[in-house]
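1. Pasting a predicted model and its sequence here:
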Amino acid sequence: MVALLPENLDWIRPIHLFHSLPDEVLADFLADMEPVPFAPGDLLLQSGEACRGLCFVRRGQVELLRLPEIPRWHISHEAEQALAQATTVAVVESRDYFGEDCVLSTDDYPAYVYTARALTEGEVYCWPLEAVHEAMAAHRRIGEALHLVRESRQRIQRRRPRWLPDDERVYLFIGRPIVALYPRLMPVFPLVFVAMVLFFWSAWRYSTLLLVAGGLVSLVALVLGLWQFVDWRNDYCLVTDTRVVWVDKVVFLYESRNEAPLFSVLAVSLSTTWWGRRFRYGNVLVRTYGGMIVIDEVAYPEAVEAIIEEYWQRTRDYQGVRSRAERLRAVRETLGLAENQNVPSAGEAASPSPRREPWLRRQLRRVFSQRLEEDGVIIYRKHWYLLLRRSWLWWLLLGGWVVATLWALATGEVPFSGAVLGLVVVVSLVLLGFVIYNFWDWINDQYRITPDHIEDVYKKPLGSEDKQTAPLESIENMTYERHGFLGWLLNFGNVSIRVGTVTMVWEGVARPDMVQQEIFRRMTARRQQRREAEERQERERLLAWLNAYHEVTRQDEPPEDEMPPQSGV
């Protein structure tokens, strides 16, 4: 039994499973749980082991592993090999839980799917299986949240998004529910009905034309149904330890990824329809400083809302805990209580210098590349398709002029003379000038990511220059979009960056999803630098006050030779 202490209630209250439940219910849940301490390397449970219930991490970190085979409880040589070949499903910490797979199992003898191994010293609270089932029967949202977490962990094992960094923890990864597919298939049913009528009519009238018409209508219904199914399957919601993401794709036509850092979230709300309330799905609206992310048609929207709110609040709490830890460390260093830490020398931290690129290759890359990185600055240009779309007419005219000139001179249709040569040279230079101008204009339009800001540069050759700059830490929201079949085929699109009341649009960049990722990484690093700088200034102010306090106390103490002698017995 877990002690009913205020700190334990404060710990369990923010967990999304128990969102909005009164303290009396939470106290009953704590009374059913059993504390189990663990040390680094301990196996808290193994796959194939009989289910005992749900385990909550009170403190410490636990790694969830999927084994290639089910080992025995007594570790054997085969079990050790299986652990060495295991893949990490998730790393859970305080307020996270595991064991939802067996809790939701419908087997007569449910068993754990994952193996839980302790990474640090800590403690888990085990909630017995019977108590979990009673709580799920009394509070529907507990079971809904468990279903979402189980689906997320299974889904991240099947297909982790390629754009997602390996070190980013995924807490929620869900798509649209199956009931959201039915309204999308409504236009297919009339086509199926028409095709069946045509088939019966052709059989009755022995008409080949009606049979062909029925086949064509059936083909249209099949293509439309497959299109709607793939469109339904491609959309998903992602909540990690740093951001909230909604991905919306339409095959061959459109792709968008709207994301916002967790620390920029202002509020989370719901929007449902009558049909959605009947089948428990709806929209989750995430409001940020830069706008709103609409997570469209997800199952159990109340549970999704609770999960986002928990990890949003957890991000804010972690920042406060980190700041307090840094202040305590600084005070300990000032008082001489900190342990000596071995700081690696500059020679140890130095990395080998990169190999120098040949001059010609470097110049060609600077001219023709759509992405280049120089001195820590990432430079993007518009996709080459936009260059062709802008200058194709001049290329066509130049090529046609050259071919026509060569044909006329070769066949003797135009006599060769100085005037003809001058005309050929002048027209060729004019057409070539327009081609070079468009290419130069394409090179001058650049989007830059520096270590502390982003830049949007529009520069006309021999003309005006328009430059828009924004600090990385001021970015509130980002969205990328691919439009049309060519955008999907050639992989280019727009990246919209919300900064305050202004939206910067990087138009026609290649691989817009990767551009968005690089901005996000630079933004996160910059915010971390700013946070560390502010914390360092705060520590310096605190240490200055501590030093002043020590100086005052030392001045008030009388010298040792003026202190009265102590009487002894």
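-> Structure received.

2. and Cys547, that's in a strand?
-> One thing to correct before we go on: residue 547 is Asn, not Cys. No: counting by DSSP: H, G, I helix; E, B strand; the rest coil, Asn547 is not found in a strand; it is helix.

3. Counting neighbours, what do you get for it?
-> Neighbour count of Asn547, defined by other CB atoms under 10 Å: 11. The way it works is simple: take the backbone N, C-alpha and C, and place the C-beta from them, glycine included.

4. and if you look at Leu285?
-> Neighbour count for Leu285, taken as other CB under 10 Å: 17.

5. tell me the contacts of it?
-> Taking CB atoms under 8 Å, 6 or more residues apart in numbering, we find Leu285 in contact with Val268, Ser269, Leu270, Ser271, Met292, Ile293, Val294, Ile295.

6. Let me know the helix or strand that the second one is in.
-> Read it as Ser269. Ser269 is part of strand 265-271, with elements assigned from DSSP states H and E.

7. cool, and the fifth one?
-> Of the helices and strands defined by DSSP H and E, Met292 is found in strand 291-299.

8. Mean confidence (pLDDT) on that strand, please.
-> What strand 291-299 shows for mean pLDDT is 86.

9. Would you confirm that Met292 contacts Val286?
-> Yes: with contact defined as CB atoms under 8 Å, Met292 counts as touching Val286 (6.7 Å).

10. More neighbours: the two, which one.
-> Val286 (29 against 14).

11. the domain parsing of the protein - what is it?
-> 1-159, 180-234, 452-539 (automatic domain parsing).

12. Need the ones you listed in CSV (columns: mean pLDDT and distance to Gly400).
-> Listed next are the domains of the chain as CSV, based on pLDDT from 0 to 100; distance: least, CB to CB, whole Å:
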stretch, mean pLDDT, distance to Gly400
domain 1-159, 86, 49
domain 180-234, 88, 41
domain 452-539, 82, 24
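
13. Make JSON lines out of those domains and add distance to Ser391.
-> Output for the domains of the chain, formatted as JSON lines (distance: least, CB to CB, whole Å):
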{"stretch": "domain 1-159", "distance to Ser391": "40"}
{"stretch": "domain 180-234", "distance to Ser391": "35"}
{"stretch": "domain 452-539", "distance to Ser391": "13"}
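
14. Dump those domains to TSV, plus distance to Leu431 and mean neighbour count.
-> TSV is the format used below for the domains of the chain (distance: least, CB to CB, whole Å; neighbours: other CB atoms under 10 Å):
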stretch	distance to Leu431	mean neighbour count
domain 1-159	50	17
domain 180-234	44	15
domain 452-539	16	17
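
15. sorry, back to before: which strands and helices sit next to the strand holding Ser269?
-> strand 281-288, helix 301-335 (3 or more CB pairs under 8 Å, 6 or more residues apart in numbering; DSSP states H and E).

16. least reliable of those going by mean pLDDT?
-> Mean pLDDT is lowest for helix 301-335 out of the helices and strands packed on strand 265-271, coming in at a mean of 77.

17. contacting residues around Leu44?
-> Neighbouring residues of Leu44 by CB under 8 Å, 6+ apart: Val36, Phe38, Cys55, Val62, Ala116, Arg117, Ala118, Val124.

18. strands paired with the helix or strand where it lies, and their directions?
-> According to DSSP H and E, Leu44 maps onto strand 43-45. Counting by DSSP bridges, the strands paired with strand 43-45 are strand 115-118 (antiparallel).

19. Can I get the next helix or strand after the strand it pairs with as CSV, trimmed to CA atoms?
-> Following strand 115-118 in sequence order, the next helix or strand is strand 122-128 (DSSP H and E). What follows is strand 122-128, C-alpha atoms only, in CSV (Å, rounded to 0.1, in the frame of the first residue of the first chain):
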residue,chain,number,x,y,z
GLY,A,122,14.1,4.3,-8.5
GLU,A,123,10.7,3.0,-7.5
VAL,A,124,7.5,1.8,-9.3
TYR,A,125,4.0,1.7,-7.9
CYS,A,126,2.2,-1.5,-9.1
TRP,A,127,-1.5,-1.3,-9.5
PRO,A,128,-3.1,-4.8,-9.4
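
20. Outside of strand 122-128 itself, list whatever touches it.
-> So strand 122-128 is contacted by 2, 29-30, 32-38, 44, 52-62 (CB under 8 Å, 6+ apart).

21. rerun that using 6 Å as the cut-off
-> Strand 122-128 is contacted from outside by 2, 33-38, 53-60, using CB atoms under 6 Å, 6 or more residues apart in numbering.

22. Among these, which ones are in strands?
-> Glu34, Pro35, Val36, Pro37, Phe38, Gly53, Leu54, Cys55, Phe56, Val57, Arg58, Arg59 (DSSP state E).

23. Please name the bridge partners of the fifth one.
-> For Phe38, the residues forming beta bridges with it (DSSP bridges) are Gly122.

24. cool, the first one as well?
-> Here Glu34 sits in beta bridges with Cys126, as judged by DSSP bridges.

25. quick revisit: if you average the pLDDT over the strand holding Ser269, what comes out?
-> The average pLDDT within strand 265-271 is 89.

26. what's the spacing between that strand and its chain's center?
-> Chain-centre distance of strand 265-271: 18 Å, with CA atoms, centre = their mean, to the nearest Å.

27. And it, what's buried?
-> Residues of strand 265-271 classed as buried: Val265, Val268 (neighbour count, 16 or more other CB atoms under 10 Å).

28. what about the strands in the stretch 401-550 of the chain?
-> Under the criterion DSSP state E, counting those that start in this stretch, the stretch 401-550 of the chain contains strands at 446-449, 453-459, 465-471, 475-483, 492-499, 502-510.

29. Give me the sheet partners of the third one and which way each runs.
-> In this case it means strand 465-471. strand 453-459 (antiparallel).

30. for Leu21, helix, strand, or coil?
-> Once three-state DSSP is applied, Leu21 turns out coil.

31. how about it, phi and psi?
-> phi -80, psi 140 (degrees, to the nearest 10).

32. Check the gap between the closest residue to it other than its chain neighbours and Glu259 for me.
-> Once flanking residues are discounted, Leu21 sits nearest to His139: 6.7 Å by CB to CB, 6 or more residues apart in numbering. Distance, His139 to Glu259, by CB to CB, to the nearest Å: 31 Å.

33. what's the answer for Trp232, then?
-> 21 Å.

34. Contacts for the strand holding Ser269, please.
-> With CB under 6 Å, 6+ apart, strand 265-271 has contacts from Gly282, Asn283, Leu285, Val286, Arg287, Thr288, Pro301, Glu305, Ile308, Glu309, Trp312.

35. Also stretch 12-31?
-> Residues outside stretch 12-31 that contact it (CB under 6 Å, 6+ apart): Met1, Val2, Leu4, Asn8, Leu9, Arg95, Ile142, Ala145, Ala306, Ile307, Glu310.
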